[in-house]
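# Generate coordinates for the sequence data below:
(one chain, ligands or ions: 1)
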Amino acid sequence: MTIDPLRRRKIVVLGSRSVGKTSLVIQFVENQYYENYCPTIENTYSKSIKYNGVEYDVDILDTAGQDEYTLISSAHTFGVHGFVLVYSVTNRNSFDLIQTVHDKIINYSGMGSIPCVVVGQMCDLNDQRQVKPTEVQKLAESIGSAWVETSARQNTNVAKVFDLCLAEIEKSINPPQPAPGKCIIM
Ligand SMILES: Nc1nc2c(ncn2[C@@H]2O[C@H](COP(=O)(O)OP(=O)(O)OP(=O)(O)O)[C@@H](O)[C@H]2O)c(=O)[nH]1
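Residues are numbered from 1 along each chain as shown. Below is the predicted model:
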């Protein structure tokens with residue numbers, strides 16, 4: 001079977017250690033959830049995703065958790081169409097790192113903006129919450145991204161992450177055109 005490069009998408013999942021990046025990806029790709037924590041080095045998963053009536057072959061790169069000193073490498077940006085930036089709603093430091101990681105990608109790639117979804121993982125642990133939805137909404141507005149809260153454990157909004165990411169990617173490839181007949185003032 002040949003794969004149409006026009007239907008191929010690469011998504012990279014970044015964020016602090018232990019925020020549930022692998023759990024999110026495995027829940028999405030394999031419909032499985034594991035309680036045990038096993039630090040990731042780096043793994044690529046593949047899945048077909050239908051978005052807007054089109055079937056995309058999506059490679060999802062699950063990365064080792066970052067901190068403020070981790071450098072963004074070309075593997076995290078080269079040929080990458082979209083980014084999923086994950087924090088845990090129970091960990092404010094992991095939320096604070098999202099802006100840092102976002103800015104590093106922008107600096108490294110030289111792009112003005114990136115197709116991106118900010119994901120507040122572990123929303124099942126509401127009693128341990130340190131980050132409010134209004135805070136991520138504000139961050140998403142300021143960096144021009146989508147956002148969603150998820151629980152890999154309860155499979156809440158997991159598929160939505162990748163739908164939103166494909167939507168952001170398609171928006172950047174085919175930006176919405178102004179309605180015909182409207183006058184644009186330069
Ligand atoms: N309550 C709850 N726990 C979760 C959820 N997702 C992951 N966990 C747990 O959090 C721990 C870390 O999950 P991982 O998916 O390994 O986290 P990671 O971000 O990939 O970690 P690194 O590989 O170190 O970057 C594991 O013990 C998971 O079972 C969730 O949605 N809710």
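# Now the residue most central in space within the chain: which helix or strand?
When Cα atoms, centre = their mean is applied to the chain, the residue found nearest the centroid is Val84 (1.1 Å). Secondary structure assigned from DSSP states H and E places Val84 in strand 82-88.
# helices or strands next to that strand in the packing?
If you count contacts as 3 or more Cβ pairs under 8 Å, 6 or more residues apart in numbering; DSSP states H and E, strand 82-88 packs onto strand 8-15, helix 21-30, helix 92-109, strand 116-121, helix 158-173. C-beta coordinates here come from the backbone N, C-alpha and C atoms, glycine included.
# Quick one: distance of that strand to the chain centre.
4 Å (Cα atoms, centre = their mean, to the nearest Å).
# related to what we said a few turns ago, quick one: closest of the helices and strands packed on strand 82-88 to Pro39.
Nearest of the helices and strands packed on strand 82-88 to Pro39, taken as Cβ to Cβ: helix 21-30 at 8.8 Å.
# Export that closest one to PDB, keeping only CA atoms.
Taking C-alpha atoms only, helix 21-30 is exported to PDB below (Å, rounded to 0.1, in the frame of the first residue of the first chain):
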ATOM      1  CA  LYS A  21       1.800  12.100  27.700                       C
ATOM      2  CA  THR A  22       2.400   8.400  27.100                       C
ATOM      3  CA  SER A  23      -0.900   7.500  28.800                       C
ATOM      4  CA  LEU A  24      -2.800  10.000  26.600                       C
ATOM      5  CA  VAL A  25      -1.200   8.600  23.400                       C
ATOM      6  CA  ILE A  26      -1.600   4.900  24.400                       C
ATOM      7  CA  GLN A  27      -5.300   5.500  25.300                       C
ATOM      8  CA  PHE A  28      -5.800   7.100  21.900                       C
ATOM      9  CA  VAL A  29      -3.900   4.600  19.800                       C
ATOM     10  CA  GLU A  30      -4.500   1.300  21.700                       C
END
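# need the residues of the chain near the ligand, please.
17-23, 34-37, 39-40, 64-65, 121-122, 124-125, 151-153 (Cβ under 6 Å from any ligand atom).
# ok, of those, which come out buried?
17, 19-23, 65, 121-122, 124, 151-153 (16 or more other Cβ atoms under 10 Å).
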